[in-house]
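>>> For reference, the sequence and a predicted model appear below.
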Amino acid sequence: MQILQTLKDNTQKKHKREGSLATVTYETVRYLQDTECKNQTADTIRKFLEAMKSFKLTKLEKLMMVNTPPRTELEIQLIVQESEERLSEDDVQKIIQIVNEFFPPTSS
């Protein structure tokens, strides 16, 4: 989101650069501003991924947790394939704690 916001600002400064790029950038930033990623920084994402190393999750599973932080056991089951076999109940609770620590829920 930060990269797109910078691109959007630069595009606006250069006035009428390429219309389609400006439109796509604007619409994407507008969409992302209504998601949890608006409060995420590169540093918090890096620290979150470091904290998740002990769970042996795939890169895709971790990416999905960054994009849509799971707040419940069900959300973890939807993200992690074969979660019942790969994660204990304690692991699931730890993941939820880590998610809430690095990506606190935002008020709507």
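Received, thanks.
>>> Lowest-scoring secondary structure element of this protein by mean pLDDT?
Between all helices and strands in the chain, the lowest mean by mean pLDDT, DSSP states H and E belongs to helix 2-13, at a mean of 69.
>>> thinking P70 is in contact with I79, fair?
Yes - counting by CB atoms under 8 Å, I79 is a contact partner of P70 at 5.8 Å. Backbone N, C-alpha and C define where each C-beta goes, glycine included.
>>> now what about stretch 77-92, what contacts it?
With contacts defined as CB atoms under 8 Å, 6 or more residues apart in numbering, stretch 77-92 is touched by F55, K56, L57, T58, E61, M64, M65, T68, P70, E73, I76, I95.
>>> measure the fourth one to Q93 for me?
Using CB to CB, to the nearest Å, one obtains 20 Å as the distance from T58 to Q93.
>>> returning to that earlier point: quickly check the contacts of stretch 77-92 for the two that are furthest apart.
Greatest spacing in these, by CB to CB: K56 and T68 (20.2 Å).
>>> Show me which of the two is the more surrounded one.
A side-by-side neighbour count of K56 and T68, using other CB atoms under 10 Å, places T68 first with 15 against 10.
>>> TSV please, covering the contacts of stretch 77-92 and showing secondary structure, pLDDT and distance to I45.
What follows is the contacts of stretch 77-92, written out as TSV (DSSP: H, G, I helix; E, B strand; the rest coil; pLDDT from 0 to 100; distance: CB to CB, whole Å):
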residue	secondary structure	pLDDT	distance to I45
F55	helix	94	16
K56	coil	90	19
L57	coil	95	14
T58	coil	95	16
E61	helix	96	14
M64	helix	93	13
M65	helix	94	10
T68	coil	90	13
P70	coil	95	15
E73	helix	95	23
I76	helix	96	18
I95	helix	97	15
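>>> Just the closest of these to T106, please.
T68 (12.8 Å).
>>> The closest one contacts Q40, doesn't it?
No - contact criterion CB under 8 Å: T68 and Q40 do not qualify, at 11.6 Å.
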